[in-house]
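K.L.:
predicted structure and sequence below. I'll ask about it afterward.
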Amino acid sequence: MKAVLDSQRNHVGIKRSKIFLLSIKRDAILYALLLLPLSYIAIFKYAPIYGLIMAFQDYNIFAGIRGSEWVGLDVFRFIFQQDSFYRALKNTLVLNVLDLVAGFPAPILLAILLNEVRQAKFKKMTQTVLYLPHFMSWVIIGGIVYLMFSNSGMVNNLIASLGFEKIEFLSQKTPWLITYISVGVWQNVGWGTILYLAAITGINKELYEASDMDGCTRLRKMWHITLPGIKPTINILLILQIGRMVSIGFDRPFVMGNSLVSEYSDVISTFVYRVGISSGDFSQATAVGLFQSVIGLTLLVSANYIAKILGEDGIW
Amino acid sequence: MNTGMKKATAILFSIALLASVAAGCGGNDKKSGETASTAASSSGPPVTLTVEVFDRGVQGQPDLNNNTWTKYVNEKFGKPNNAIVEYVSVPRSQEVDKLNVLMAANQAPDISFTYDGTLVTRYAKSNGLYTLDELLESQGQQLKSYLGEKVLSYGIYDGKQVSIPGKRTLLAWNGMFIRKDWLDSLGMPVPTNQDELYEALVAFRDKNPGNVNGVIPWATAAAGMNYTFGNLVQSFWGEMSEEEFVTTTNWLKPGNKDAFKWLNKLYDEKLISPDFALDKTTKQADADVSNGKVGFYAANWDYPLLQKIRDPLKQNAPDANFVPVDTFKNYEGKYLKEIYNENGLFSFIPKSSKNAELAMKYLNWMADPEVLFFLQFGQEGVNHKLVDGIPQGIAQTGENMQMSNLNLDYTLVVNGAELGDTEKNVRTYAAALAAGDQDYEKLAIDSYKINTTDGYTGFYYGVPNEANIKYGKTLGDMNKQMIDRLVVAKPAEFDALYGKLVNEYMDAGGKAVQDENVKNYREVIANKK
């Protein structure tokens, strides 16, 4: 009895692995192509996870991970005692929430507007012009912003020559925040429309024709056809965006920030740069990075969960 | 079927190859061109000795690893020792960051250096550096006698020699400069105290003697770069004990607050560059000074001599005449100011190096006066001409160019001209920088004299401050931000802001550093007795 069962199991096993091998053989080239991105992810995303051990060590750059002393949660304790860490965390959240509020709807709006443009040439050109800032380095954008918005910059000279009082765009809290957010929106809005425009192309044309027959206005069509049509895309991007809430790019706050607004421009990435690279304290930098990832994952999972409860599509 | 498999494997291999090529590209990090090629010869394969060098991004600079100076090194040191000396460039402005990465990856050059003493201490503490006592004894006699015990003592950690400090021949640090021609046209004297300076600045603002568009009475840039406020702050400090003077955080010293309050008032009265806090690279301040819009500024004592300031200023405002001034007198009537200790940068040999002995040989070789002279001044008739025994620099381009003053980035054992005595050194340094311009030579000599008067040096404890290793960088950043914010603050909010910022500073580690300083200071004093 036992023997029979065994042989059956083996039989199934062989068959399965055979099918597996066969399918690999059949699509060998496709799999080979897949290898490149897979190895990219393995090397650059999974392999560095090993380094997370540093967060629990008093890491000595000469002794390496194997030779460094294990200190448990001491590094985290030290970080959570520091006011500057909380400030960085708070600023990261504030900047990201503002970015989300201002930056998230912008490409949707723009995509819908672009979609309504009749003349193909004009539409293509507008798109290209709007993409361009995305390819500019933040260092250059920082230079432009300085030239335009500093106290003796173009915009302030214009304001002054019209007889109004100058606005300190870059050295006062609220004006700086507004400048920071708007420059970010300006840079990213064009690029962000790509996905939405692609989604809009996927909407069934018959829906528009049918609504034309019923005498719908343009606004009605946008509201009742285009928007619901791209809703799944919006959902997914929103969830992903929320997952990134605690992480923030380095260059934008670093370039746009200055000592006068450091209380608002010092974010987690600049904090990590300061303690990790500049001070050579890799343990702290790793611990902050790990903390960031854990919060990010939690946010992502909860956003996804809520989306599902509300009956929307999640990302898995 | 078989061919299909072959095809697949071929593709697989080529992809693997591609990936490895891509990975290789990432890792290589462009070690500044190829090796200096020339020296390879004689018995056995030559050893490659790697040496750090700053890349200052000077316009028109030659290959940092293939120019007159590196060729000389390879000819005179490399060949006899069967070695190739290869220079690894590190961007000047990211010196520490880059070094941290290189050290962590065990790829730091055999001879690395930094100006950051705390960094050396941290490496030594992590056991990442060679201790050099024996090497110095066996390979470095010439070096040892050149530097002397005092200079070498700055490189001792825990009783062991862990780094080789360079010898600093010129000790002045900061200087202040005012437009004499503007003062003359207003009929005002060169200021000798704070009130006279204030009057001059107000007159610059109101009467605009240079008749320029957008006059800036006092130019500065974001704190932490070349521009400073001179010894203004020191002049406000009140009386305190020696211990207090050495160990107390500047922010808590008596009178410190008033200094910033005064600056704050000046800023509010539009006497200081309006956007200085946004000028993180000093580009704006440099441009303002060299466009002749500026009446007064404080920076390194030799700043007006730098080519980037001197040349454009001559073109844009030929009449401009900056003279060094001493204008901040303290309660004792002294022009108290900080000057450098006798040490320059710290060279060290990372544990990962396989050529420690050769590295020490190299440093020892460099202490030879003949070698130093060539590296600092080059060849007579080509790089300099001798006038009264003082080498006068001849402006150079291409591979003869010096990327730093007197090649200070190549001559690690010395900082500043080295001709054996201070007066000669100052004159030489001035001559080298002024490139033949007599007025500028005089400016440099005057400036050096003024800026070493009533000087004090930072106290050298001889033991590392653990708190400073931990919090130093954060505190340093805070310092800069505090200076900018206090100067720019609305006058009504100044007092509250000062209190708040200083509290934050003390909480963020300032207190810990200060306490340890007090402890260390008392130990040093007790040991002396």
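P.N.:
Yep, that arrived. Keep in mind that this is a model prediction, so the values were computed, not measured.

K.L.:
switch to C-alpha atoms for all contacts and neighbour counts from now on
P.N.:
Noted.

K.L.:
following the chain onward from the helix or strand bottoming out on mean pLDDT in chain B, which element is next?
P.N.:
Each helix and strand of chain B was given a mean pLDDT (mean pLDDT, DSSP states H and E); the minimum falls on helix B:2-28 at a mean of 46. Of the helices and strands lying after helix B:2-28 in sequence (DSSP states H and E), the nearest is strand B:47-55.

K.L.:
any buried residues in that following strand, and which?
P.N.:
B:Val47, B:Thr48, B:Leu49, B:Thr50, B:Val51, B:Glu52, B:Val53, B:Phe54, B:Asp55 (16 or more other Cα atoms under 10 Å in any protein chain shown).

K.L.:
reformat the residues you listed as JSON lines; add distance to B:Met478.
P.N.:
As requested, the buried residues of strand B:47-55 are exported to JSON lines (distance: Cα to Cα, whole Å):
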{"residue": "B:Val47", "distance to B:Met478": "45"}
{"residue": "B:Thr48", "distance to B:Met478": "42"}
{"residue": "B:Leu49", "distance to B:Met478": "39"}
{"residue": "B:Thr50", "distance to B:Met478": "35"}
{"residue": "B:Val51", "distance to B:Met478": "33"}
{"residue": "B:Glu52", "distance to B:Met478": "29"}
{"residue": "B:Val53", "distance to B:Met478": "29"}
{"residue": "B:Phe54", "distance to B:Met478": "26"}
{"residue": "B:Asp55", "distance to B:Met478": "27"}
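
K.L.:
got the domain boundaries for chain A?
P.N.:
Domain segmentation of chain A under automatic domain parsing yields A:2-66, A:73-309.

K.L.:
ranking those domains by burial, who's on top?
P.N.:
Across the domains of chain A, averaging neighbours per residue (mean count of other Cα atoms under 10 Å in any protein chain shown) puts domain A:73-309 on top, at a mean of 17.

K.L.:
tell me the mean pLDDT for that one?
P.N.:
Computed over domain A:73-309, the mean pLDDT rounds to 89.

K.L.:
what's the distance between stretch B:381-388 and the middle of its chain?
P.N.:
27 Å (Cα atoms, centre = their mean, to the nearest Å).

K.L.:
how about that stretch: buried residues?
P.N.:
For stretch B:381-388, by 16+ other Cα under 10 Å, it's B:Asn383, B:His384, B:Lys385.

K.L.:
ok, now stretch B:345-362?
P.N.:
In stretch B:345-362, counting by 16+ other Cα under 10 Å, buried: B:345-353, B:355-362.

K.L.:
again, but for stretch B:453-468
P.N.:
Within stretch B:453-468, the residues that count as buried by 16+ other Cα under 10 Å are B:Thr453, B:Gly455, B:Gly462, B:Val463, B:Pro464, B:Asn465, B:Glu466, B:Ala467, B:Asn468.

K.L.:
measure it end to end?
P.N.:
The straight-line separation of the ends of stretch B:453-468 (Cα to Cα, to the nearest Å) is 30 Å.

K.L.:
apart from its chain neighbours, what residue comes closest to B:Met154?
P.N.:
Careful, residue B:154 is Tyr; it's not Met. Spatial nearest neighbour of B:Tyr154, excluding adjacent residues (Cα to Cα, 6 or more residues apart in numbering or on different chains): B:Pro165 at 6.5 Å.

K.L.:
tell me if I am right that the one you found is in a strand.
P.N.:
Yes - assessed with DSSP: H, G, I helix; E, B strand; the rest coil, B:Pro165 lies in a strand.

K.L.:
what about it, neighbour count?
P.N.:
29 (other Cα atoms under 10 Å in any protein chain shown).

K.L.:
now B:Thr453: which helix or strand?
P.N.:
Using DSSP H and E, B:Thr453 sits within no helix or strand.

K.L.:
wait, it sits on B:Lys329?
P.N.:
No - taking contacts as Cα atoms under 8 Å, B:Thr453 lies outside contact range of B:Lys329: 11.7 Å.

K.L.:
overlap in contacts of those two?
P.N.:
Listed as contacting both B:Thr453 and B:Lys329 by Cα atoms under 8 Å, 6 or more residues apart in numbering or on different chains are B:Tyr335, B:Leu336.

K.L.:
could you report the pLDDT at the residue nearest to B:Tyr154?
P.N.:
On the pLDDT scale, B:Pro165 gets 96.

K.L.:
got the CA positions of stretch B:375-387 in PDB?
P.N.:
The C-alpha trace of stretch B:375-387 is given here as PDB (Å, rounded to 0.1, in the frame of the first residue of the first chain):
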ATOM      1  CA  LEU B 375      57.000  70.700  -6.000                       C
ATOM      2  CA  GLN B 376      56.200  74.100  -4.500                       C
ATOM      3  CA  PHE B 377      57.900  76.300  -7.000                       C
ATOM      4  CA  GLY B 378      58.900  74.200 -10.000                       C
ATOM      5  CA  GLN B 379      61.900  74.900 -12.200                       C
ATOM      6  CA  GLU B 380      63.600  78.300 -12.200                       C
ATOM      7  CA  GLY B 381      62.900  80.100 -15.400                       C
ATOM      8  CA  VAL B 382      59.900  78.000 -16.200                       C
ATOM      9  CA  ASN B 383      57.700  78.100 -13.200                       C
ATOM     10  CA  HIS B 384      59.300  80.900 -11.200                       C
ATOM     11  CA  LYS B 385      62.000  83.500 -11.300                       C
ATOM     12  CA  LEU B 386      64.100  84.300  -8.300                       C
ATOM     13  CA  VAL B 387      64.000  87.900  -7.100                       C
END
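
K.L.:
what is the rounded mean pLDDT of that stretch?
P.N.:
pLDDT averaged over stretch B:375-387 gives 87.

K.L.:
tell me the contacts of the nearest residue to A:Arg244 once chain neighbours are set aside?
P.N.:
Spatial nearest neighbour of A:Arg244, excluding adjacent residues (Cα to Cα, 6+ apart): A:Gly296 at 5.9 Å. Taking Cα under 8 Å, 6+ apart, we find A:Gly296 in contact with A:Ile242, A:Gly243, A:Arg244, A:Met245, A:Val246, A:Ser247.

K.L.:
ramachandran angles for B:Thr114?
P.N.:
phi -160, psi 160 (degrees, to the nearest 10).

K.L.:
how about the strands of the stretch 251-400 of chain B, start to end?
P.N.:
B:294-300, B:322-324, B:337-339, B:343-348, B:384-387, B:390-393 (DSSP state E, counting those that start in this stretch).

K.L.:
hmm, stretch B:199-216 touching chain A?
P.N.:
No - using Cα under 8 Å from any Cα of the partner chain, stretch B:199-216 stays clear of chain A, with a minimum separation of 9.9 Å.

K.L.:
mind listing what's buried along that stretch?
P.N.:
Buried, per 16+ other Cα under 10 Å, within stretch B:199-216: B:Ala200, B:Leu201, B:Val202, B:Ala203, B:Phe204, B:Arg205, B:Asn208, B:Pro209, B:Gly210, B:Val215, B:Ile216.

K.L.:
domain assignment for chain B?
P.N.:
If you go by automatic domain parsing, chain B breaks into B:47-169+B:345-371, B:174-339+B:477-497.

K.L.:
report the contact partners of the residue of the stretch 51-200 of chain A found nearest chain B.
P.N.:
For the stretch 51-200 of chain A, the residue closest to chain B is A:Ile61, as judged by Cα to the nearest Cα, at 4.8 Å. Neighbouring residues of A:Ile61 by Cα under 8 Å, 6+ apart: B:Met103, B:Ala104, B:Ser126, B:Gly128.

K.L.:
the residues you listed in helices, which ones?
P.N.:
Judged by DSSP state H, those include B:Met103, B:Ala104 as members of helices.

K.L.:
contacts with chain A among the contacts of A:Ile61, please.
P.N.:
B:Met103, B:Ala104, B:Ser126, B:Gly128.

K.L.:
B:Lys351 is in contact with the last one, correct?
P.N.:
This points to B:Gly128. Yes - in this structure B:Gly128 lies within contact range of B:Lys351 using Cα under 8 Å: 5.2 Å.
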